[in-house]
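# I need the structure of the sequence given here:
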Amino acid sequence: MNMMRKRTKKGSALIFVLVMIIALLIYATAFISASINQTFIADIFKRRAAAFNIAEAGLDHALLWLRSQDSPPAADSVDPWGGPQNVGGGTYTVAIDDLGPVGTNPLVRRYKVTSTGTFGNMSRVLSNYLKVDNFGGYLWWTNSETYCDDWNRCQNVWFWTRDHLSGPTHTNSHYNIAGNPVFDGRAHSVDPYIYFYNNNNPVTSDELPDLTSNPPNDVPVFNDGIELGVAHIDMPENALALRSAAASTGGLYLTGNTTAVFNSNGTIYLTNRNKSGCRSGCTVSIPTNGALFVNNGTLTVSGTLNGRLTVGASQDVIIPNNIVYADDPRDGTSDDTLGIISESDVVIDDIAPSNLEIDAAVMALNNSFMMENWDDYMKGTLTVYGGIIQDLRGPVGTFSGSTKMSGYDKNYIHDSRFINSPPPFMPNTGDYTTLSWEEN
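Prediction:
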């Protein structure tokens, strides 16, 4: 009887051991399987991440390729390198599709850049939608915030307390700030500092605790922020696209000093001694392709524009009176758009009204936008609705401390239509703006 009980206990123990061994084997199998699955998943994740990074590299290289071209490509589809490119142990293939003009300016085109990154047997496809960047996208743009006269005497030109700029600004140098000017758009400068007037004892902001303010003397208001030390943007030396368009069918190409007064009915009263019938003045239609250029002469321009037009001259463009649109875009929709390009200076005549308005994107390629005899006349407010792009910053007035001494107060407002639809034949910056980005 006792022997039977001992055998039963031994049998129970053996069964328990077998159950434990089976349980351990099941657990070990599950653990090994989980480890294998985790390794497999980690490998997939690694390949997916590598393919994504390679596709991103393709987008970056495509942007560099676009920037390196003399002009934006105009073709249905372009593969810059003609096949897969090796990088990071994988390959990418790029296609650049021309989607055509963004607005009415044929130079501002839109592109879809597609990059397929492959690593092992894993591929990912990224698309970047880009737009050609145009100088019309700026309210204010300069190569330098310094003015140099005909005798190469140079001086700083300042933004001061009574200046108000509503739109994006950029300088390839640095801002000169006196008092409390207001910038409502994003501000960029290539130099990593601001030059402050500091009560006529100038100081650079890199000598101060705050790079963007010098209280209590100089406290500019950057309502959309300021970025210092940005990339340099090249400016063209001449208006090649406008010249070519004016000389082609549908354009108007003139020689010698010219006066153009815009009429609200969509015509121009033109005076040019070298154009038949216009020596003493004639009325002409706005060029159908929107291009008017004066070679070997000045262009004097004013009036009320009804239409889309860019005017330019190889010498100075002179503004003696208001330039406004027949339909004001601030009051609703308007397709009236004006560009003014000089291969020298754009000059406000000193006989211009006390309160002057210029509705246009104004561009002085080799010198300045300025007022004639800017330190001799007291004026009211200069309103520019559009943009001012110039090589060297020109003065439109003077101040002493907080007192205006001569010239105009500035009220500069960006025409936001110019971001996607700048005036005809306004030059591009050579860069591109990302509109959207997605993974296919």
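# domains in this protein, as residue ranges please.
The chain breaks down into these domains under automatic domain parsing: 2-132, 136-430.
# JSON lines for those, including mean pLDDT and mean neighbour count?
Any C-beta I mention is one placed from the backbone N, CA and C, and that applies to glycine too. As requested, the domains of the chain are arranged in JSON lines below (pLDDT from 0 to 100; neighbours: other Cβ atoms under 10 Å):
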{"stretch": "domain 2-132", "mean pLDDT": "81", "mean neighbour count": "15"}
{"stretch": "domain 136-430", "mean pLDDT": "95", "mean neighbour count": "19"}
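# right, so of the ones you listed, which gets closest to Trp437?
domain 2-132 (5.2 Å; Cβ to Cβ).
# And the helix or strand that contains Leu165, what does it pack against?
Using DSSP states H and E, Leu165 maps to strand 164-166. Here strand 164-166 touches strand 182-183, strand 403-414, going by 3 or more Cβ pairs under 8 Å, 6 or more residues apart in numbering; DSSP states H and E.
# one step back: for Ser436, which of the domains of the chain is the nearest?
Nearest to Ser436, of the domains of the chain and by Cβ to Cβ, is domain 2-132 at 4.7 Å.
# now that closest one: how far from the chain's centre is it?
Mean C-alpha position of domain 2-132 versus that of the full chain (Cα atoms, centre = their mean, to the nearest Å) differs by 34 Å.
# again with stretch 333-344
Worked out by Cα atoms, centre = their mean, stretch 333-344 lies 17 Å from the chain centre.
# for stretch 370-388, same thing?
That offset, for stretch 370-388, works out to 25 Å (Cα atoms, centre = their mean).
# Only C-alpha atoms, please: export it in PDB.
Extracted in PDB, the C-alpha atoms of stretch 370-388 (Å, rounded to 0.1, in the frame of the first residue of the first chain):
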ATOM      1  CA  MET A 370      15.400 107.900 -55.300                       C
ATOM      2  CA  MET A 371      14.000 111.400 -55.300                       C
ATOM      3  CA  GLU A 372      15.700 114.100 -57.300                       C
ATOM      4  CA  ASN A 373      17.200 116.800 -55.000                       C
ATOM      5  CA  TRP A 374      16.000 114.700 -52.000                       C
ATOM      6  CA  ASP A 375      17.600 117.000 -49.500                       C
ATOM      7  CA  ASP A 376      16.100 120.300 -50.900                       C
ATOM      8  CA  TYR A 377      12.300 119.900 -50.800                       C
ATOM      9  CA  MET A 378       9.900 119.100 -48.000                       C
ATOM     10  CA  LYS A 379       7.200 116.600 -49.200                       C
ATOM     11  CA  GLY A 380       4.400 114.600 -47.700                       C
ATOM     12  CA  THR A 381       4.000 110.800 -48.000                       C
ATOM     13  CA  LEU A 382       5.300 108.500 -50.700                       C
ATOM     14  CA  THR A 383       3.000 105.500 -51.100                       C
ATOM     15  CA  VAL A 384       4.300 102.600 -53.200                       C
ATOM     16  CA  TYR A 385       1.800  99.800 -53.800                       C
ATOM     17  CA  GLY A 386       3.800  97.100 -55.300                       C
ATOM     18  CA  GLY A 387       7.600  96.800 -54.700                       C
ATOM     19  CA  ILE A 388      10.900  98.500 -54.800                       C
END
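# mind listing what the strand of greatest length in the chain pairs with, with the direction of each?
Secondary structure of the chain read by DSSP state E shows that its longest strand is strand 378-392. As defined by DSSP bridges, the strand partners of strand 378-392 come to strand 140-144 (parallel), strand 356-364 (parallel), strand 403-414 (parallel).
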